[in-house]
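Engineer: for reference, the sequence and a predicted model appear below.
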Amino acid sequence: MATVKFRVLHKTENAQIYIRFSIDRDNVFQIKTGKIINPKYWSVKTSRPIQTQPEFKILYTELNELETFVLKEYNSYYSKGVIFSKDWLAEKIDKFYNRIEVKEDDSVFLNYLQNFTDFKRSTASYTESTLKKYNNLKDRFLSYQKKKKKIFLLQDVSSKILIDFKNYLITDCNLMETTAVRFIKNLKTVLFDAEQNGKSIHYSIRGFSTGTTNTEYKVFLSFDEIEKIKDVTTLNTDWNIARDWLVLGCYLGQRVSDLLRMNKRMIYTKTDIDGNTFRFIEIKQQKTGEKVVIPIHDEVENLLQKYNGDFPPILAVNFDSNAVLFNRHIKKVCELAGIDEMIKGKVYNEDKKKNEIVETEKYNLVSSHVCRRSFATNFYGNKEFTTPQLMSITGHKTENMFLNYIGRTADDWAMQTAKTFKKLSNQKIS
């Protein structure tokens, strides 16, 4: 049977009153109530103030009501299978004293995050993948909050907390730094949304950066490597199918979630004012919900003809299984094609259950995402194509996002500008 008892543990003039909540021998939790009293006015026998003064009578009644409240909450939550802890007890104390409206007050960070996610769910422009990243943020921050034994208000989330949360994600959750940084970026998005809606946030957040998700380890296949892949022929039907999907992907520039669901019904023909006909693929991107129109490259056209005007068959009926098999098979295809340059990249360590940066053969680092990045990188290097043209196919919203995606840096821009200066100078001399 659950019991509540109040205690004063110290003999200082302003001693804290503790609440001791006992469920059984293994579940006993004790925390401060936030109330203080001079120990000489405290009765150890009754576990209450000695009612010699009016304020002690009020405190006596208040503690009785707190005891009733905690036991009532316990009975209510017991049937729901809740795991009781010091955090649960602290939440109930705060709720009793209206210090934080745990269920409703959106000045609490996690409450605002939930409202933020619910609102995004109601808008047509947000997809399940977007909602998933904020739900993941909620789960991670909730576990961080439990470790810190504190309910964070929006104003509490300072730059210092962001750094500590990032370190928690890397150390306790075993995440890579780039993944942790993405969580911080999403968290800052929520905070700035709160500020725009009239909420107060910590002054140190604005202008604060915990790092970048941009990394030098961006794997793509060059046109020469794609040619090597095209030449691979095996007796394994699945490897041949995966090879064709891989080549298609490098000329279509889409995520695997869109690439592997393409079919001939998405293809249409359009004629320009000069009577020239062109073929296109129109698809609504699953992640962004945006419609993209992709001109059909000759390499794509050749593979479509190979399959009688359609795309290659899928490797499995279930999409997740299809994507897993595709990822597995294209590594083998790239190995057979001799894509074995030693480079650094992200590889999953089965023993440590986390990604690590290692030096390995390039084929080990090839995954389904190489399709979109290869398209963006290869055609960005061709002066015939403008960045907005490529962005309209990859679906990037800004040029900065696009350049970050393919790994272009300030040094790259400086070299490009230097070459332009030299070209203009040579033209002037001649």
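Structural biologist: Looks like it came in fine. What you see is a predicted model, and the numbers here were worked out from it, not measured in a lab. Numbering: from 1, shown residues only.
Engineer: wait, residue 292 touches residue 283, no?
Structural biologist: Yes - between residue 292 and residue 283 there is a contact at 6.1 Å, judged by Cβ atoms under 8 Å. Just so you know, the C-beta spots here come from the backbone N, C-alpha and C atoms, and that holds for glycine as well.
Engineer: now do the shared contacts for these two.
Structural biologist: Residues touching both residue 292 and residue 283 (Cβ atoms under 8 Å, 6 or more residues apart in numbering): residue 254.
Engineer: give me the nearest residue to residue 127, chain neighbours excluded.
Structural biologist: Distances taken as Cβ to Cβ, 6 or more residues apart in numbering place residue 289 nearest to residue 127, at 5.1 Å, with adjacent residues excluded.
Engineer: so the one you found: helix, strand or coil?
Structural biologist: Three-state call for residue 289 (DSSP: H, G, I helix; E, B strand; the rest coil): coil.
Engineer: so which bits of stretch 383-397 are buried?
Structural biologist: Neighbour-count burial for stretch 383-397 flags 390, 391, 393, 394, 395, 396 (criterion: 16 or more other Cβ atoms under 10 Å).
Engineer: report the two of the residues you listed separated the most.
Structural biologist: The most widely separated members of the buried residues of stretch 383-397, counting by Cβ to Cβ, are 390 and 395 (10.2 Å).
Engineer: dead centre of the protein: give me the residue that sits there.
Structural biologist: For the chain, residue 133 is the residue whose C-alpha lies nearest the centre (Cα atoms, centre = their mean; 4.1 Å).
Engineer: is it fair to say that residue lies in a helix?
Structural biologist: Yes - read with three-state DSSP, residue 133 is one of the residues of a helix.
Engineer: distance of it from residue 185?
Structural biologist: As judged by Cβ to Cβ, to the nearest Å, residue 133 and residue 185 stand 10 Å apart.
Engineer: now, which of the buried residues of stretch 383-397 lie within helices?
Structural biologist: Those of these mapping onto helices are 390, 391, 393, 394, per DSSP state H.
Engineer: nearest residue to the second one other than its sequence neighbours?
Structural biologist: When you say that, I think you mean residue 391. Going by Cβ to Cβ, 6+ apart, residue 391 has residue 402 as its nearest residue, at 5.2 Å.
Engineer: for the one you found, phi and psi?
Structural biologist: In this entry, residue 402 is assigned phi and psi values of phi -60, psi -50 (degrees, to the nearest 10).
Engineer: point out where the stretch 101-250 of the chain drops to low pLDDT.
Structural biologist: In the predicted model, the stretch 101-250 of the chain carries pLDDT under 70 at residues 101-104, 124-126, 210-216.
Engineer: apply 50 and report the result again.
Structural biologist: Counting by pLDDT under 50, the stretch 101-250 of the chain contains low-confidence residues at 214.
Engineer: setting aside sequence neighbours, what's the nearest residue to residue 222?
Structural biologist: Take residue 222 and drop its neighbours on the chain: the residue closest to it by Cβ to Cβ, 6+ apart is residue 378, 6.8 Å away.
Engineer: look at the one you found and give its secondary structure.
Structural biologist: Secondary structure state of residue 378, per three-state DSSP, is helix.
Engineer: also the one 4 residues further on?
Structural biologist: Here residue 382 is recorded as coil under three-state DSSP.
Engineer: counting neighbours, what do you get for it?
Structural biologist: When neighbours are defined as other Cβ atoms under 10 Å, residue 382 has 9 of them.
Engineer: ok, and what's touching the strand or helix carrying residue 181?
Structural biologist: In this structure, residue 181 sits in helix 177-196 according to DSSP states H and E. Residues external to helix 177-196 that are found in contact with it (Cβ under 8 Å, 6+ apart): 109, 112-113, 116, 133-134, 136-137, 140-141, 154, 157, 162, 165-166, 169-170, 175, 201, 205, 208, 210-213, 215, 355.
Engineer: and the longest helix seen in the chain, which residues are buried?
Structural biologist: Ranked by number of residues, the top helix in the chain under DSSP H is helix 54-78. Neighbour-count burial for helix 54-78 flags 56, 59, 60, 63, 66, 67, 70, 73, 74 (criterion: 16+ other Cβ under 10 Å).
Engineer: and it, how far out from the chain middle?
Structural biologist: Here helix 54-78 shows a centroid-to-chain-centroid distance of 41 Å under the convention Cα atoms, centre = their mean, to the nearest Å.
Engineer: following that helix, which helix or strand comes up?
Structural biologist: Where DSSP H and E defines the elements, the next helix or strand beyond helix 54-78 is helix 86-96.
Engineer: other SSEs contacting that next one?
Structural biologist: Where contact means 3 or more Cβ pairs under 8 Å, 6 or more residues apart in numbering; DSSP states H and E, helix 86-96 is packed against strand 15-24, strand 27-37, helix 54-78.
Engineer: what's the closest of those to residue 223?
Structural biologist: helix 54-78 (61.9 Å).
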